[in-house]
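> kindly return the folded structure for what I paste below:
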Amino acid sequence: QQQQQQQHAKEIEDQHTHTATPYGIVSASDSGSKSTGSSSLNIGWSLFESVNSVVKGLFYEALGDESDEAFVPTVCVLALGAISRAFPSHRLLLADFDYLPNAICPALNSPIVAQKILDDPNRRGVTRDLPTYLVKKGQADIFFPTDFQVLKHIYNQVMAERGVLASGSRACIELKHSDFLQQYADLDATRTLSGENPMLLDYPNMRFFVGSTVDFSSSSSSTSDQQLYAKLLPPPQQRK
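Below is the predicted model:
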C-alpha cells in the first residue's frame, strides 16, 4: 500500500499537479483534468470535482504570463458547503484582504508566511517573512489573500449545487472596505482632529463580501448589479 501511495504521488508530480496548503495549488501546464489540495484534510474526490469546476471556469483564464500556477481555495469550498447544509437560509458577511505584499512566489493568490523572531534577544518579537509555506505547524502564520471575484463564483456555484439557490443565480456582491463603511459605519466617531478618517484611508487592500440565500431562490442571472446592491445592502434606515 505504501508503494502504491508513493507511485501515485509521483504520477501527480509528473503531471504538474502540486499539493500545497489548505488552499491547494494547481498548475496551468496541466490539462485541467486533475487538481489536488492538502492531503492532510482528507477532503475526498467530491471536493476535487468541485474545485476542478472552479479551476476550469476561472483560474486558467486568470493566469497570465508571469505565473502558470494558482493557489486554489479548497477550504473556502468546504466552508461554504458546510454553511449551505447547516444554514440553508442565511445572510453572510465576510471581510478579508484582497492583496498581500511580499508573497512567497508569483503564483496567483500566493500567500505570505510570517514568523515572530524569538531566538534573537536583539530582535525578539520582530516579524520576518519566510520564503516558503513548508514550515512546521505552529512556527509561522500563513496568510492568503482572497480573490473576491472567485469567491462570488464559488458562493453562487456551491449554493446552486446544494439546491439552496436556483442554477445561474447571482446572490452576492463584493465592495471596497471604504465603500461599505461609508454606508454603515459611524464615521464621525472615527474622524481625527485633522479631519482625516483612518477607517476610510487605511486598509485599501480590504474588501467586504455580502451573500444571501434569503429571497434569492429564484433570482436570475440577469439581475443587475444595482438590483443586487439594493437587495443585499439596503440603506441603514431600512434594515430590520
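> just the helices in this structure please.
Ranges of helices in the chain, per DSSP state H, are 2-14, 44-54, 60-62, 74-86, 148-161, 177-184, 198-201, 225-232.
> give the contact list for residue 76.
Shown in contact with residue 76 (C-beta atoms under 8 Å, 6 or more residues apart in numbering): 146, 151, 154. C-beta: built from backbone N, CA, C; applies to glycine.
> most neighbours among the residues you listed, please name it.
residue 154 (25 neighbours; other C-beta atoms under 10 Å).
> who's in contact with it?
So, once contact is read as C-beta under 8 Å, 6+ apart, residue 154 ends up touching 54, 73, 76-77, 80.
> pLDDT at residue 108, what is it?
Residue 108 is assigned a predicted lDDT (pLDDT) of 83.
> verify the stated contact: it with residue 73.
No: in this structure residue 108 lies outside contact range of residue 73 using C-beta atoms under 8 Å: 10.9 Å.
> overlap in contacts of these two?
residue 147.
> hmm, which helix or strand of this structure has the shakiest average pLDDT?
strand 25-27 (a mean of 40; mean pLDDT, DSSP states H and E).
> need the distance between the two termini of stretch 104-119.
The first residue of stretch 104-119 is 23 Å away from its last residue (C-alpha to C-alpha, to the nearest Å).
> quick check: buried residues in it?
If you call a residue buried by 16 or more other C-beta atoms under 10 Å, then stretch 104-119 has these buried ones: 104, 107-113.
> what's the answer for stretch 93-105, then?
94, 96, 98, 100, 103-104.
> poorly predicted segments of this structure, please.
Regions of the chain meeting the criterion pLDDT under 70 cover residues 1-68, 216-223, 236-240.
> relative to residue 174, how far out is residue 147?
Remark: distance between residue 147 and residue 174 (C-beta to C-beta, to the nearest Å) = 10 Å.
> if you count what's nearby, which of these two comes out ahead?
residue 147 (24 against 19).
> show me what contacts the closest residue to the more buried one other than its chain neighbours?
In space, and not counting its chain neighbours, residue 147 is closest to residue 109: 5.7 Å by C-beta to C-beta, 6 or more residues apart in numbering. Taking C-beta under 8 Å, 6+ apart, we find residue 109 in contact with 23, 70-73, 144-145, 147.
> quick revisit: nearest to residue 235 among the buried residues of stretch 104-119?
Of all these, residue 235 sits closest to residue 109, with 33.8 Å by C-beta to C-beta.
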